[in-house]
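>>> Sequence first, then the predicted structure, then my questions.
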Amino acid sequence: MKTFITADLHFDHKNIMKFCPTSRAYRDVDHMNSMIVSGWNEKVQPEDLTYILGDVAFCNAQKAVDFLRRLNGTKILIEGNHDHKALNDKSFRNCFEEIHIYHEVDYKDDTVSAKVCMFHYPITEWNQCHRGSVHCFGHQHGNGVITPNRSMDVGMDATGTIVSSMTDVVRSLLKKDMQPHH
């Protein structure tokens, strides 16, 4: 089993292509939706786990469910600002193994180990940031916001890939300096 992370898929959000023209250079919204699904399924296998740090879709809940059911693997949602209406729908909630507003995991594999603090929004300090933990977020769409050490926008518009390997993200963040303690 592999673990992946992403944010800001924005299925069916036509205007996101206007807001993010470089990372969303698709013919139309249907092309964008199909490329997200195929890009996801090229990396994520049915036994894999993916954390989605918010903003799954910009459509009604049933249409969002249709997209989510096409995606391989187990999904854990960290709520984003565009997920609130869909979360009122039981079928949308049932697409996820877990749903959180903020979530921490002790991530370990054969090569890296770190506490990963996940939130839809970038924050300047998080649990154990002075002791080496890392922070993953979305919402910014790669808009160059200055973030503290050991934090990263993991959204597809920031990374240039639909999903990122959690191991690769953690490894790159651990190379950065820790937050200084005040």
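Perfect, I can see it now.
>>> From now on I want contacts and neighbour counts done on CA atoms only, so please keep to that.
Will do.
>>> what residue ranges in the chain score low on pLDDT?
By pLDDT under 70, the low-scoring segments of the chain are 146, 182.
>>> pull the longest helix from it.
helix 29-43 (DSSP state H).
>>> what's in contact with that helix?
Contacts made with helix 29-43 from outside it, assessed by Cα atoms under 8 Å, 6 or more residues apart in numbering, are listed as 9, 11-14, 17, 24, 26, 67, 70-72, 161-163.
>>> May I have it exported as PDB, CA atoms only?
Taking C-alpha atoms only, helix 29-43 is exported to PDB below (Å, rounded to 0.1, in the frame of the first residue of the first chain):
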ATOM      1  CA  VAL A  29     -14.200  21.300 -17.900                       C
ATOM      2  CA  ASP A  30     -15.100  17.800 -19.100                       C
ATOM      3  CA  HIS A  31     -11.500  17.300 -20.400                       C
ATOM      4  CA  MET A  32     -10.200  18.600 -17.000                       C
ATOM      5  CA  ASN A  33     -12.400  16.200 -15.100                       C
ATOM      6  CA  SER A  34     -11.400  13.200 -17.200                       C
ATOM      7  CA  MET A  35      -7.700  14.100 -17.000                       C
ATOM      8  CA  ILE A  36      -7.900  14.400 -13.200                       C
ATOM      9  CA  VAL A  37      -9.500  10.900 -13.000                       C
ATOM     10  CA  SER A  38      -7.000   9.300 -15.400                       C
ATOM     11  CA  GLY A  39      -4.000  11.100 -13.700                       C
ATOM     12  CA  TRP A  40      -5.200   9.900 -10.300                       C
ATOM     13  CA  ASN A  41      -5.700   6.300 -11.400                       C
ATOM     14  CA  GLU A  42      -2.400   6.100 -13.200                       C
ATOM     15  CA  LYS A  43      -0.700   6.500  -9.800                       C
END
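>>> circling back: buried ones among the contacts of helix 29-43?
If you count burial by 16 or more other Cα atoms under 10 Å, the buried members of these come out as Leu9, Phe11, Asp12, His13, Lys14, Met17, Arg24, Phe67, Leu71, Asn72, Ile162, Val163.
>>> what's the distance between the nearest residue to Lys176 once chain neighbours are set aside and Phe19?
If the residues on either side of it in the chain are set aside, Lys176 comes closest to Arg150, at 5.6 Å by Cα to Cα, 6 or more residues apart in numbering. Note on Arg150: its distance to Phe19, by Cα to Cα, to the nearest Å, is 26 Å.
>>> higher neighbour count, the two?
The residue with more neighbours, out of Arg150 and Phe19, is Arg150; 22 against 11, by other Cα atoms under 10 Å.
>>> Would you mind confirming that the more buried one is in contact with Val169?
No: taking Cα atoms under 8 Å as the definition, Arg150 is not a contact partner of Val169, at 9.9 Å.
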